[in-house]
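Predicted model and sequence follow; I will ask about them next.
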Amino acid sequence: MEFNKYQHIERFGVDETDGIEYGQCYIFPKIDGTNGQTYMKDGQLMAGSRNRELSLEEDNQGFYDYVLRNPNLVEFHLEFPEFRLFGEWLVPHTLKTYRQDAWRRFYVFDVEYLDNLLPYDQYLPMLSEYRLDFIIPLAIINNPTYDNLIAKLPANTFLIEDGKGDGEGIVIKNYGYHNKYGRQTWAKIVKTEFKEKNVLAMGLKPTDGSSQIEEVIVSEFVTEHLITKVVAKIEEERQCWRSEFIPQLLGIVYYDLVREETWNFVKKHKMPKIDFKVLNRYTIQKIKQLKPELF
């Protein structure tokens, strides 16, 4: 088997996930670590990050070393060499409220067999037998409404210390769903607390029409959480952070804003006329405001 980059999880309500709520949906907690995978290649147990195959020299904050030293993972892959495990390597990123015993462990959230992602009920017995860590669904709901899904956000206390609130959000998986482009994809809802914290940090924007629509959009959708995620991905790929990576950071944040949020702000602001050059300028300004230590 070769390295296989994990799919991008799209926001609920965007074009890529249209209709995912029709059918039986598994609602999983979203945890805030770094993406990882394990698989067999030419008889050797391998590991990958979100974007690349790992080595002992570049092992994604100790992930590959952890994999090789974990007898349960080794035993599982020797028994089932045709299976790939996707999961989250829980190391500190944005959320710091996980239990102390939860850190530096690999939590499986998808199992791939012959290029297909298995339903939870199929891989659950296998992972349980080999005593592997995996993410447990919060609920299984038939034809959930948006309100049904939002109501599950506070229920995400998976791995969170008692009394420390809830997690990052939820992931919706409908194993019988393929979007209109023919792709099997999952949806996510990230709790609004991250945006609310950003408003507290930046202050409220004028609502009397004096702000440009591009500035309003950036204030709503370019959050500290988004920027921190992008920085973490770059650090994971580059194994460090240097100022020469700033253009990459600016480009990826703007790309993510346009790719993931355009439909959301078009709906919210009722088909506004947008100057994307101005939008990019405000995005850069917002990044500098939120992360001055990077510049």
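Nice, I can see it.

And L85, which helix or strand is it part of?
Following DSSP states H and E, one finds L85 within strand 83-89.

Flag every buried residue along that strand.
By neighbour count on 16 or more other CB atoms under 10 Å, the buried set for strand 83-89 is 83-89. The way it works is simple: take the backbone N, C-alpha and C, and place the C-beta from them, glycine included.

biggest helix in the chain, by residue count?
Of all segments of type helix in the chain, defined using DSSP state H, the longest is helix 246-268.

name the helices or strands packed onto the helix or strand following it?
Under the assignment DSSP H and E, the closest C-terminal helix or strand after helix 246-268 is helix 276-290. Using 3 or more CB pairs under 8 Å, 6 or more residues apart in numbering; DSSP states H and E, the elements in contact with helix 276-290 are helix 193-202, helix 213-221, helix 224-238, helix 246-268.

Using TSV, lay out those together with mean pLDDT, mean neighbour count and distance to R99.
Listed next are the helices and strands packed on helix 276-290 as TSV, based on pLDDT from 0 to 100; neighbours: other CB atoms under 10 Å; distance: least, CB to CB, whole Å:
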stretch	mean pLDDT	mean neighbour count	distance to R99
helix 193-202	47	14	19
helix 213-221	90	20	31
helix 224-238	90	19	21
helix 246-268	92	16	30
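
To R281, which of these lies closest?
When the helices and strands packed on helix 276-290 are compared by CB to CB, helix 213-221 sits nearest R281, at 7.8 Å.

ok, and what's touching the closest one?
Outside of helix 213-221, the residues within contact range by CB atoms under 8 Å, 6 or more residues apart in numbering are 195, 199, 202, 205, 257, 261, 264-265, 268-269, 272-275, 278-279, 281-283, 285-286.

Make sure F295 is actually in contact with K288.
Yes. The pair F295 / K288 is scored as a contact, 5.8 Å apart, by CB atoms under 8 Å.

Looking at these two, which one has more neighbours?
K288 (13 against 9; other CB atoms under 10 Å).
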